[in-house]
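>>> following is a predicted model, sequence given first.
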Amino acid sequence: MKDHVRSNWQQAVLVCRKCSKKLDGGFGPDGGERLAKALRRHLSLKKGRKAAAGIVEVNCLGVCPKGAVTVVNGAQARDWLLVRPGADLDELAQALGLAPDALSQPA
């Protein structure tokens with residue numbers, strides 16, 4: 001049995017599932033998607049371990065802001081972001097270090 005599994009991720013981003021569920025969407029081109037799905041689609045990431053970055057919905061992160069979703073970049077875990085519905089996904093990707101040019105460069 002394997003004791004470890006490798007991924008192609010250069011970054012791992014944690015998105016609070018509870019916050020996303022409370023907002024019931026609010027992201028993406030039509031405003032009807034949850035943040036994790038909208039961000040994955042916006043960055044054209046592959047699925048699972050083959051993606052250049054991992055965007056993972058996790059259980060409650062414990063911040064519970066009203067009208068926002070808590071997001072944590074695993075590489076910069078000291079600073080957490082509170083993302084409001086309708087936020088510019090390009091700016092969010094830049095703040096998380098997920099800009100397309102950063103993902104294409106080898107780590």
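Everything's here; your move.

>>> my read: Val15 touches Ile55, true?
Yes: counting by Cβ atoms under 8 Å, Val15 touches Ile55, with 6.4 Å between them. Just so you know, the C-beta spots here come from the backbone N, C-alpha and C atoms, and that holds for glycine as well.

>>> quickly list what's touching both of the two.
Residues touching both Val15 and Ile55 (Cβ atoms under 8 Å, 6 or more residues apart in numbering) are Ala36, Leu39.

>>> by mean pLDDT, point me to the weakest helix or strand of the chain.
Counting by mean pLDDT, DSSP states H and E, the weakest-scoring helix or strand in the chain turns out to be helix 100-104, with a mean of 62.

>>> can you give me the helices for this structure?
17-23, 35-42, 89-96, 100-104 (DSSP state H).

>>> dump the ones you listed to JSON lines, plus mean neighbour count.
Formatted as JSON lines, the helices of the chain follow (neighbours: other Cβ atoms under 10 Å):
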{"stretch": "helix 17-23", "mean neighbour count": "18"}
{"stretch": "helix 35-42", "mean neighbour count": "21"}
{"stretch": "helix 89-96", "mean neighbour count": "17"}
{"stretch": "helix 100-104", "mean neighbour count": "13"}
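
>>> dump these to a markdown table, plus distance to Arg78.
As requested, the helices of the chain are exported to a markdown table (distance: least, Cβ to Cβ, whole Å):
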| stretch | distance to Arg78 |
| --- | --- |
| helix 17-23 | 19 |
| helix 35-42 | 21 |
| helix 89-96 | 13 |
| helix 100-104 | 19 |
